[in-house]
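Engineer: With the input below, show me the fold.
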Amino acid sequence: MDATLFTKAGFLRINVTSSLGQIPVKDATVSITYTGKPGRVLEELTTDESGLTDTIELPAPDISYSLDPESEVQPYSEFTITVTASGYETVIVSGSEILAESPVSYTHLRAHETPEHL
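Structural biologist: Model (predicted):
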């Protein structure tokens, strides 16, 4: 997608918990890239003791594209979220959609413990 279309911002906050009973994963590293351009990290965050990241702004196309059924422009931006944490398997989610001017997109990711961490 043409980067000049990203004139607005959407918001994202990540919650990382263990697959064993909703236990928050502290100090997980969350990397965010454009889907299709995995080599360019836009944001790198760290989870707090509650397993949450800060809320961040990400570029997105104007909301008007989503209101026009004739528009040929994708009305959202797509990101890949990668989560790494000591003792857990890496989690990768591709195609996380962010709409401009929308409330916080709250993504809940479950990390699976590595065998030696169980």
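Engineer: quick one: pLDDT of the most far-flung residue of the chain relative to its centre?
Structural biologist: What lies farthest from the middle of the chain is residue 70; by C-alpha atoms, centre = their mean that is 28.3 Å. Looking at residue 70, its pLDDT stands at 88.
Engineer: Pretty sure it sits in a helix.
Structural biologist: No - the assignment for residue 70, made by DSSP: H, G, I helix; E, B strand; the rest coil, is coil rather than a helix.
Engineer: give me phi/psi at it?
Structural biologist: With angles defined as degrees, to the nearest 10, residue 70 sits at phi -90, psi -10.
Engineer: Residue 11 is in contact with residue 57, isn't it?
Structural biologist: Yes - taking contacts as C-beta atoms under 8 Å, residue 11 lies within contact range of residue 57: 6.0 Å. Glycine gets a C-beta too; all of them are placed from N, C-alpha and C.
Engineer: Of the two, give the one with the bigger neighbour count.
Structural biologist: residue 11 (18 against 12; other C-beta atoms under 10 Å).
Engineer: how about that one, secondary structure?
Structural biologist: Quick answer, by three-state DSSP: residue 11 is strand.
Engineer: pLDDT wise, what is it at?
Structural biologist: Listed pLDDT for residue 11 reads 89.
Engineer: same deal with the one 10 residues further on?
Structural biologist: At residue 21, the pLDDT value in this model is 75.
Engineer: ok, now which ones touch residue 23?
Structural biologist: By C-beta atoms under 8 Å, 6 or more residues apart in numbering, the residues touching residue 23 are residue 17.
Engineer: And it, how far from residue 65?
Structural biologist: 40 Å (C-beta to C-beta, to the nearest Å).
Engineer: Quick check: residue 94 vs residue 82, distance?
Structural biologist: Counting by C-beta to C-beta - residue 94 and residue 82 are separated by 9 Å.
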